[in-house]
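> Need a 3D model of the sequence below.
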Amino acid sequence: MRQIDVRQLADDSRFNRFHGLVLFWCALIIIFDGYDLAVVGIALPSIMKDLNVDPTEAGFMVSSALFGMMFGAIFLGTIADRIGRRWAIVICIALFSLFTAAAGLTRDPVLFSASRFLAGLGIGGVMPNVVAHMTEYAPKKIRATLVTLMFSGYAVGGILAALLGKGLIESYGWQSVFFAATLPIFLIPVILKSLPESMPFLLAKGRHEELARIASRIDPGYHPAVGDQLIMPAQDKAPGAPTRQLFTDGRGFSTIMLWIACFMCLFMVYALSSWLTKLMAGAGYSLGSALVFVLVLNVGAVVGAVGGGWLADRFHIKYVLAVMYALAAISVSLLGFPMPQALLFFVVALAGASTIGTQIVANAYTGQFYPTAIRSTGLGYALGIGRSGAILAPIVIGALVGMQLPLQQNFYAIAVPGLIGMLAVLLIDHRKSASVQIEAARENQANAPIAVPISGN
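From the prediction side, this is the model:
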């Protein structure tokens, strides 16, 4: 009888067609997710005019999805470790597709906000699940690269919403960009058929034949045989109460630090997303130039995400992440100072790379920190708690803008969370991460003395 460690099989595998399929579906889902979140901002001027709502009502209509994302990340991230990650992902897709389309059918701001809250549950819930899924199946040597490459689809979705939005709204009205969000619904049967289920879930449910088929696709060199025993490392097993497991085995303090880091990064991301155009326009740039800054910010985000993931696979991911937080604080602070426009575009791109890009790398690190069995739960809580920073940021920076402070002080306020996030990351005890503990267990097992029976004369 052979014992096959499927976690090690995935860790040691080389990128192949199976990994490409997982990457494709997870990235596509994230693109749809990014589109659904960005679509309201694209259509907001038309919505305000058509529904005759004032800026205060419009702000509530926009923020309702953020509240939904906060709850969705926590609850739909946690439920995935109970019902299976594939079904959790499908539930999230159905939520954000159907209720984004439903928002396009409403004529009342309250009903619109309620629809967006329900869509936000799916938008927020799908993030921890796809990150956990890609982390689970990616080869260890390129894990951070694949996770960040996948998550850069989030910015692609936002860019897609901007490119499609103008033409659709002018030709068919603002409702059309919401109706377009129903497309992922038709892909659900294909996703259920093509996307593999989580390995610990299959093992826990006794679905060994399905797990063996997946194992042979992860590593084509493995050929299942009768009597093979498929196992997971003890560190990847977290029986019962997944939320409580975030604080066991010495992970409690680091869990809080991850929450703080995500809160601070999402504060910076949404502060810039909400106020960069307004602040730049107030600094004397034309509205057209100010909108270009937003595009540059998102292009920088893609570069920062993929580049950060590449560096994280070659150096210590914790320290790469800490440096990215420091760069965020520096680049955002510099935005308040006058400089040549070419240099300003570079600094804006760097700010995008080190804020949005940093959050994507932080997601990759969080996914690696927790054992597979509670990975969705850990990511869900980190993103859910962090989402409160996204909700708070537009309000806090809006209040500062209303005080008519010097431009530099507004950007300092956005930059300070970068320093706090850097300190939080440095305080994480990396020795408690699942990847380190599993590696240590393997070394101990490999170095354990082998008992040799002594035969008599």
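> Next, please give the residue ranges for the strands of the stretch 101-250 of the chain.
Using DSSP state E, counting those that start in this stretch, the strands found in the stretch 101-250 of the chain span residues 229-231.
> Sketch out the low-pLDDT regions of it for me.
166, 232-242 (pLDDT under 70).
> And the helices in it?
109-137, 143-151, 153-172, 175-179, 188-194, 199-204, 208-218, 242-245 (DSSP state H, counting those that start in this stretch).
> Could I get those in TSV, plus columns for distance to Ile47 and mean neighbour count?
Where you see a C-beta, it was placed from the backbone N, CA and C, and this is true even at glycine. As requested, the helices of the stretch 101-250 of the chain are exported to TSV (distance: least, CB to CB, whole Å; neighbours: other CB atoms under 10 Å):
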stretch	distance to Ile47	mean neighbour count
helix 109-137	8	25
helix 143-151	28	26
helix 153-172	10	18
helix 175-179	9	21
helix 188-194	28	12
helix 199-204	41	21
helix 208-218	45	18
helix 242-245	37	18
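> Now render the ones you listed as a markdown table, adding distance to Gly300.
As requested, the helices of the stretch 101-250 of the chain are arranged in a markdown table below (distance: least, CB to CB, whole Å):
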| stretch | distance to Gly300 |
| --- | --- |
| helix 109-137 | 20 |
| helix 143-151 | 14 |
| helix 153-172 | 9 |
| helix 175-179 | 25 |
| helix 188-194 | 31 |
| helix 199-204 | 35 |
| helix 208-218 | 34 |
| helix 242-245 | 35 |
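> closest to Ala413 out of these?
helix 153-172 (24.1 Å; CB to CB).
> Could you check how far that closest one is from the centre of its chain?
With CA atoms, centre = their mean, to the nearest Å as the basis, helix 153-172 stands 21 Å off its chain's centre.
> Apart from its chain neighbours, what residue comes closest to Ala65?
Spatially, and ignoring its direct neighbours in sequence, Ala65 is nearest to Gly120 (3.8 Å; CB to CB, 6 or more residues apart in numbering).
> how much space between the one you found and Val126?
Note on Gly120: its distance to Val126, by CB to CB, to the nearest Å, is 11 Å.
> who touches the residue nearest to the spatial centre of the chain in this structure?
By CA atoms, centre = their mean, the chain has its centre lying nearest to Met127, at 4.8 Å. Neighbouring residues of Met127 by CB atoms under 8 Å, 6 or more residues apart in numbering: 30, 33, 73, 363, 379, 383.
> mind running it again at 10 Å?
By CB atoms under 10 Å, 6 or more residues apart in numbering, the residues touching Met127 are 29-30, 33, 69, 72-73, 76-77, 92, 151, 154, 363, 379-380, 383-384, 387.
> Kindly provide the distance from it to Gly398.
25 Å.
> my read: Ser216 touches Asn16, true?
No - if you go by CB atoms under 10 Å, Ser216 and Asn16 don't touch, sitting 11.3 Å apart.
> got the buried residues for stretch 82-97?
84-93, 95-97 (16 or more other CB atoms under 10 Å).
> What is the nearest of those residues to Ala353?
Nearest to Ala353 among the buried residues of stretch 82-97, with distances taken as CB to CB, is Phe96, at 26.6 Å.
> Let's verify the closest one: helix, strand, or coil?
helix (DSSP: H, G, I helix; E, B strand; the rest coil).
> any idea of the pLDDT on Leu426?
What the model reports as pLDDT for Leu426 is 94.
> longest helix anywhere in the chain?
helix 17-51 (DSSP state H).
> Give me the pLDDT for Pro55.
64.
> can I assume Ile428 is in contact with Gly252?
No - applying CB under 10 Å, one finds Ile428 not in contact with Gly252, separated by 11.6 Å.
> contacting residues for Ala94?
Ala94 neighbours (CB under 10 Å, 6+ apart): 122, 184-185, 188.
> Those residues into a markdown table, with extra columns for distance to Val39?
Putting these into a markdown table (distance: CB to CB, whole Å) gives the following:
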| residue | distance to Val39 |
| --- | --- |
| Gly122 | 14 |
| Pro184 | 13 |
| Ile185 | 16 |
| Ile188 | 20 |
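> for those, which one is nearest Ser273?
For the contacts of Ala94, the nearest to Ser273 is Gly122 (20.0 Å; CB to CB).
> Tell me who's in contact with the closest one.
Here Gly122 is in contact with 33, 36, 65, 68-69, 72, 76, 89, 91-100, 184 (CB under 10 Å, 6+ apart).
> Return the distance of it relative to Tyr154.
Gly122 is 14 Å from Tyr154, by CB to CB.
> again, but for Tyr172
Counting by CB to CB - Tyr172 and Tyr154 are separated by 26 Å.
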